[in-house]
Structures are given as structure tokens and as C-alpha cells.
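> Structure of the sequence below:
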Amino acid sequence: MIKRRRRFKQTDSLESRLAQFATRLRDEADHRPPGEERNSLLKRAYNADRAIDLERHLRDQR
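Next comes the predicted model:
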């Protein structure tokens, strides 16, 4: 039996999804006490913001 990949189209842009992800991480970090877990969440949010910048830059290069 052949396995088939389930495919679907994204309804939101990559930029929009990354922004929502970063916002959610920051909100979650605000509810954590200072420490390693909070720093990790903030770092992931920062990385998502950098990915947004990179995606914008690459899109404008076309």
C-alpha cells in the first residue's frame, strides 16, 4: 500500500504565521518567572522576528 502525503494550502502568509508565533511566545514568557525557560521562549520569539526580516528581504530581492 502506498502512503500518500496529506497536502493542504496555507491560508495565512509565512510572515503572518511567524508574527503570531512570536507574539504567542512573548505572551507565554511574560507569565513565567525569570530564568532559563523564560529566556528560551524570548530567544525563540527573537528568532521568529529575524525569520520575518529574512523572509521580507528575500521577497523584496525578486
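> so Thr11, which of the three states?
State at Thr11, reduced to three classes by DSSP: H, G, I helix; E, B strand; the rest coil: coil.
> Could you report the neighbour count for it?
7 (other C-beta atoms under 10 Å). All C-beta atoms are positioned from the backbone trio N, CA, C, and that covers glycine.
> cool, and Ala22?
For Ala22, the number of neighbouring residues by other C-beta under 10 Å comes to 20.
> For the helix or strand hosting it, which helices and strands make contact with it?
Element membership for Ala22 (DSSP states H and E) is helix 14-30. For helix 14-30, the elements it packs on are helix 36-61, judged by 3 or more C-beta pairs under 8 Å, 6 or more residues apart in numbering; DSSP states H and E.
> how far does the helix it packs on sit from the chain's center?
Relative to its parent chain, helix 36-61 has a centroid offset of 7 Å by C-alpha atoms, centre = their mean, to the nearest Å.
> tilt between that helix and helix 14-30?
Interaxial angle of helix 36-61 relative to helix 14-30 (axes from the mean of the first three to the mean of the last three C-alpha atoms, to 10 degrees): 160 degrees.
> packing partners for helix 36-61?
In terms of contact count using 3+ C-beta pairs under 8 Å, 6+ apart, helix 36-61 is assigned the packing partners helix 14-30.
> So what touches the helix it packs on?
Under the criterion C-beta atoms under 8 Å, 6 or more residues apart in numbering, residues 10, 12, 38, 41-42, 44-46, 48-49, 51-52, 55-56 lie in contact with helix 14-30.
> Kindly report the same for stretch 34-46.
Contact with stretch 34-46 is made by 21-23, 25-26, 28-29, 32, as judged by C-beta under 8 Å, 6+ apart.
> Buried members of the residues you listed into ChimeraX, please.
What follows is the ChimeraX syntax for the buried subset of those, where burial is set by 16 or more other C-beta atoms under 10 Å:
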select :21,22,25,26,29
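> For the helix holding Ala22, C-alpha coordinates in PDB please.
Taking C-alpha atoms only, helix 14-30 is exported to PDB below (Å, rounded to 0.1, in the frame of the first residue of the first chain):
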ATOM      1  CA  LEU A  14       4.500  32.900   6.300                       C
ATOM      2  CA  GLU A  15       5.200  36.300   7.700                       C
ATOM      3  CA  SER A  16       1.800  36.400   9.400                       C
ATOM      4  CA  ARG A  17       2.200  32.900  10.900                       C
ATOM      5  CA  LEU A  18       5.700  33.800  12.200                       C
ATOM      6  CA  ALA A  19       4.400  37.000  13.800                       C
ATOM      7  CA  GLN A  20       1.600  35.200  15.500                       C
ATOM      8  CA  PHE A  21       4.100  32.600  16.800                       C
ATOM      9  CA  ALA A  22       6.400  35.300  18.100                       C
ATOM     10  CA  THR A  23       3.600  37.100  19.900                       C
ATOM     11  CA  ARG A  24       2.400  33.900  21.500                       C
ATOM     12  CA  LEU A  25       5.900  33.100  22.700                       C
ATOM     13  CA  ARG A  26       6.300  36.600  24.200                       C
ATOM     14  CA  ASP A  27       2.900  36.300  26.000                       C
ATOM     15  CA  GLU A  28       3.900  33.000  27.400                       C
ATOM     16  CA  ALA A  29       7.300  34.400  28.500                       C
ATOM     17  CA  ASP A  30       5.500  37.200  30.300                       C
END
